[in-house]
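Enquirer: quick one: sequence and predicted model below, then my questions.
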Amino acid sequence: MRFPVLMFATLVGLAGLAPAAWADDCANASDQATLNECADKALKASDTELNTLYKQIEARLKDDPDKTRLLVSAQKAWIAFRDAECDFSAAGVAGGSVYPMIVLQCRDGLTQNRVKDFKTYLSCEEGDLSCPVPSAN
C-alpha cells in the first residue's frame, strides 16, 4: 500500500497541486478509492467558487449582451479545453485506479487558475482598458 501513497505524493508534487481544499480525512487517505473521492470533493469546491464568480461577472455584464455572449463562449471553450487537456495529461495512467484522481486533480488545478482569472476581472481598477468587466459601483 506504500507504493500508491508514494506515487500519489509524487504526482501531487509534480503537478504543483496542494490538497488545501481537502478535509482532514482526505489528508490521511490511504486507499485509492478515498483519494479519488477526495480529488472529486476538491474539484467540486473549486467549481462551486468558479460558478459563484461567473455569476458575479454575468451580473456586471447584464447591460452588455455582446460581452455576455463573449463570456459564455469563452467559458464553454475553456471547459472544453480544461477537460481535453486533463484527459491528455492523464493518458499515461489511463485504465489504472489512479486515473480518476489524476484527471480530477488536473481539472481542479486549472479551475483554480480560472478562479484567479475571474477574481482579477472582478477587481479591475476603474478605467483599466484591458479589463472586460466593469467595476462594481
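Expert: All right, it came through fine. Note that the coordinates shown come from a computational prediction; the quantities given were computed from them, not determined experimentally.
Enquirer: per-residue pLDDT, the closest residue to Cys131 other than its chain neighbours?
Expert: Distances taken as CB to CB, 6 or more residues apart in numbering place Cys124 nearest to Cys131, at 3.4 Å, with adjacent residues excluded. Using the backbone N, CA and C atoms, a C-beta is placed for each residue, glycine as well. For Cys124, the model assigns a pLDDT of 90.
Enquirer: tell me the SS of Cys124?
Expert: Three-state call for Cys124 (DSSP: H, G, I helix; E, B strand; the rest coil): coil.
Enquirer: does it touch Ser135 like I think?
Expert: Yes. Using CB atoms under 8 Å, Cys124 makes contact with Ser135 at a distance of 6.0 Å.
Enquirer: identify the single longest helix in the protein, thanks.
Expert: helix 32-60 (DSSP state H).
Enquirer: give the other helices and strands that that helix contacts.
Expert: Helix 32-60 is packed against helix 2-15, helix 24-27, helix 65-89, helix 99-122, with contacts defined by 3 or more CB pairs under 8 Å, 6 or more residues apart in numbering; DSSP states H and E.
Enquirer: what inclination does the longest one have with respect to helix 99-122?
Expert: It stands for helix 65-89. Between helix 65-89 and helix 99-122, the angle formed by their directions is 150 degrees, by axes from the mean of the first three to the mean of the last three CA atoms, to 10 degrees.
Enquirer: list the buried residues for helix 65-89?
Expert: Neighbour counts over helix 65-89 (16 or more other CB atoms under 10 Å) mark 67, 71, 75, 78, 82, 86, 89 as buried.
Enquirer: quick one: least confident helix or strand in the chain?
Expert: Least confident helix or strand, the chain: helix 2-15 with a mean of 44, by mean pLDDT, DSSP states H and E.
Enquirer: centre-most residue in the protein?
Expert: When CA atoms, centre = their mean is applied to the chain, the residue found nearest the centroid is Thr111 (1.6 Å).
Enquirer: what residues are up against it?
Expert: By CB atoms under 8 Å, 6 or more residues apart in numbering, Thr111 lies in contact with 43, 46-47, 50, 82.
Enquirer: same check on Asp40?
Expert: Asp40 makes contact with 100, 104, according to CB under 8 Å, 6+ apart.
Enquirer: kind regards, and thank you for your time.
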